[in-house]
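Chemist: build me a model:
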Amino acid sequence: MVLFWIVAGGLCLAVGLVLWRAAGRATSDARSATASDIAVYKDQLAEVDRDLARGIVTEDEAEQVRIEISRRLLAADAAGAETSTEAKTGGTMLVAISLVAALAVTAGVYLTIGAPGYPDLPIAERLATAAEIRANRPSQAAAEADVPPVMVPGTDPRLPELVEQLRAALAERLDDLEGYILLARNEAALGNFAAAHAAQARVVELRGTANDYADYADLLILAAGGYVSPEAEEALLQALNRDPSNGAARYYAGLLAAQTGRPDQAFNLWRPLLEESQPDAPWVGPIRAQLQQIADMAGIRYTLPAEGAAPTRGPSAADIEAAQEMSPEDRMAMIEGMVGGLSDRLASKGGPPQDWAQLITALGVLGRTDQARAIANEAAIVFADDPTARDIIARAREQAGLGE
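Modeler: Residues are numbered from 1 along each chain as shown. Below is the predicted model:
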């Protein structure tokens, strides 16, 4: 910030000096013109005296000519003084107005792209600070301790009693998957998010699908008042390792990046998720509400797409599996087209680690291991400072048969 204002002040001073010199030249030119006229009139007076001495004119005639020349001399002197004053005053006003305008533009630019009240913060220092924030952020238990109880309006008055009965029943049926799913859902409906994620933890133990882990992370985050704890991050990683395209997990991974001082990572996670999601997806509204500000914080020029825009995405595992029913030629053409589209989008716009993982896995399915390995190596460079992304890419390498 200090360097910015030093440079801005120097530029304003330079502009002021240039304008001041221009104004000085205008005043000097006005004075020179007046001096020239006065010199001419004085020569005319001397010429009258010479004509009188030679007897060319009479004394009365000479006196009349002197009066007329003197009148013009006085008028020229007064006009010159007025012109000089106007030039000087106008030049001073021009300089003052220009300096004020330059300072106003400078302040406007700074208020638009700068951060008033904050010291200079180089990129390396920002990244180090973000890494420290992420490494030392509070645990789930500490975060929950600071969150007041949540009251959910409009719940069925019979629900607390039914939930209590379900808790008692499940105490004797620890392997009842459907029971724990129901308990987690109803605890959340009552606003008992801590009890809800405890029940969901049992669901994860009994089944552990990508959606189970994503739901577990969701409940942890709700219990912590919207904060993504290290425990929630681990659940998100487990969800993304099982399904890199999981929308809820990708949204919360972006939220984690935003909360730990990495708006650039949040943007790279949320933008493709928004563009490839159906308009009614639950994460679309929150992303649209935050993405423009995230882009501004990351220094990225971006305009939100129109609401309801058609989603675009690369091939998923389900897409590739569905293609098995086609003829070999049609199947290969479809997969090649989707892989090419995803590859082009990543090359031009970038994308989250989940999209890179999709491309690596798809290339592995196609048997193009050299290209898959090249993409995986490029992704390792792109996400070198993001441990969660590195784990996702490593899982994709394994699925594509690339090894370490």
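
Chemist: hmm, residue 232 is touching residue 140, no?
Modeler: Yes - counting by Cβ atoms under 8 Å, residue 232 does reach residue 140; the two are 6.8 Å apart. C-beta coordinates here come from the backbone N, C-alpha and C atoms, glycine included.

Chemist: and residue 367, which of the three is it?
Modeler: Using DSSP: H, G, I helix; E, B strand; the rest coil, the structure places residue 367 in coil.

Chemist: hang on, the earlier thing: of residue 232 and residue 140, who's got more company?
Modeler: residue 232 (25 against 21; other Cβ atoms under 10 Å).

Chemist: which helix or strand contains that one?
Modeler: When elements are assigned from DSSP states H and E, residue 232 belongs to helix 230-242.

Chemist: same check, this time on residue 202
Modeler: With DSSP H and E as the criterion, residue 202 is inside helix 193-206.

Chemist: beyond that helix, next helix or strand please.
Modeler: Counting by DSSP H and E, what follows helix 193-206 is helix 210-223.

Chemist: next, the angle from that next one to helix 230-242.
Modeler: Interaxial angle, helix 210-223 versus helix 230-242 (axes from the mean of the first three to the mean of the last three Cα atoms, to 10 degrees): 160 degrees.

Chemist: run the angle between helix 210-223 and helix 193-206 for me.
Modeler: Angle, helix 210-223 to helix 193-206, by the same axes, to 10 degrees: 160 degrees.

Chemist: what's helix 210-223 packed up against?
Modeler: If contacts are counted by 3 or more Cβ pairs under 8 Å, 6 or more residues apart in numbering; DSSP states H and E, helix 210-223 sits against helix 140-145, helix 177-189, helix 193-206, helix 230-242, helix 247-259.

Chemist: out of those helices, which is the most enclosed?
Modeler: Comparing the helices and strands packed on helix 210-223 on average neighbours per residue, with mean count of other Cβ atoms under 10 Å, the densest one is helix 247-259 at a mean of 24.

Chemist: which secondary structure elements does that one contact?
Modeler: With contacts taken as 3+ Cβ pairs under 8 Å, 6+ apart, helix 247-259 sits against helix 210-223, helix 230-242, helix 263-276, helix 284-298.

Chemist: for the stretch 301-404 of the chain, give me the ranges with low pLDDT.
Modeler: Flagging of the stretch 301-404 of the chain using pLDDT under 70 yields the residue ranges 308-338, 348-349, 403-404.

Chemist: for it, what spans make up the helices?
Modeler: 317-322, 328-349, 353-365, 369-382, 387-399 (DSSP state H, counting those that start in this stretch).

Chemist: okay, the helices and strands packed on helix 210-223 in a markdown table with distance to residue 64 next?
Modeler: A markdown table is the format used below for the helices and strands packed on helix 210-223 (distance: least, Cβ to Cβ, whole Å):
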| stretch | distance to residue 64 |
| --- | --- |
| helix 140-145 | 104 |
| helix 177-189 | 111 |
| helix 193-206 | 109 |
| helix 230-242 | 104 |
| helix 247-259 | 92 |
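
Chemist: so which of the ones you listed gets nearest residue 224?
Modeler: For those, the distance to residue 224 is smallest for helix 140-145, at 3.8 Å, taking Cβ to Cβ.

Chemist: contacts for the closest one?
Modeler: Identification of contacts with helix 140-145 by Cβ atoms under 8 Å, 6 or more residues apart in numbering yields 194, 220, 223, 224, 225, 227, 229, 230, 231, 232.

Chemist: quick one, what contacts the nearest residue to residue 363 once chain neighbours are set aside?
Modeler: Distances taken as Cβ to Cβ, 6 or more residues apart in numbering place residue 372 nearest to residue 363, at 3.7 Å, with adjacent residues excluded. Listed by Cβ under 8 Å, 6+ apart, the contact set of residue 372 reads 359, 360, 363, 364, 400, 402.

Chemist: torsion angles phi and psi at residue 229?
Modeler: phi -80, psi 170 (degrees, to the nearest 10).

Chemist: how far away is it from residue 138?
Modeler: 7 Å (Cβ to Cβ, to the nearest Å).

Chemist: higher neighbour count, those two?
Modeler: Set side by side, residue 229 and residue 138 show more neighbours around residue 229, with 22 against 14, by other Cβ under 10 Å.

Chemist: now name the helix or strand holding residue 75.
Modeler: Using DSSP H and E, residue 75 falls within helix 59-113.

Chemist: burial count for the closest residue to residue 232 other than its chain neighbours?
Modeler: The shortest distance from residue 232 to any non-neighbouring residue, by Cβ to Cβ, 6+ apart, is to residue 220 (4.1 Å). Using other Cβ under 10 Å, residue 220 is surrounded by 28 other residues.

Chemist: same thing with the one 4 residues further on?
Modeler: Under the neighbour criterion other Cβ under 10 Å, residue 224 is assigned a count of 25.

Chemist: so who does it touch?
Modeler: Residues near residue 224 by Cβ under 8 Å, 6+ apart: 140, 143, 144, 147, 232.

Chemist: for those residues, which one is nearest residue 268?
Modeler: The closest of the contacts of residue 224 to residue 268 turns out to be residue 232 (Cβ to Cβ; 19.9 Å).

Chemist: what residues does that closest one make contact with?
Modeler: Taking Cβ under 8 Å, 6+ apart, we find residue 232 in contact with 140, 217, 220, 221, 224, 252, 256.

Chemist: picking that back up, can you redo the contacts of helix 140-145 as TSV with pLDDT and distance to residue 339?
Modeler: Output for these, formatted as TSV (pLDDT from 0 to 100; distance: Cβ to Cβ, whole Å):
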residue	pLDDT	distance to residue 339
194	94	44
220	96	35
223	94	40
224	94	39
225	93	41
227	95	38
229	96	36
230	96	35
231	97	36
232	96	32
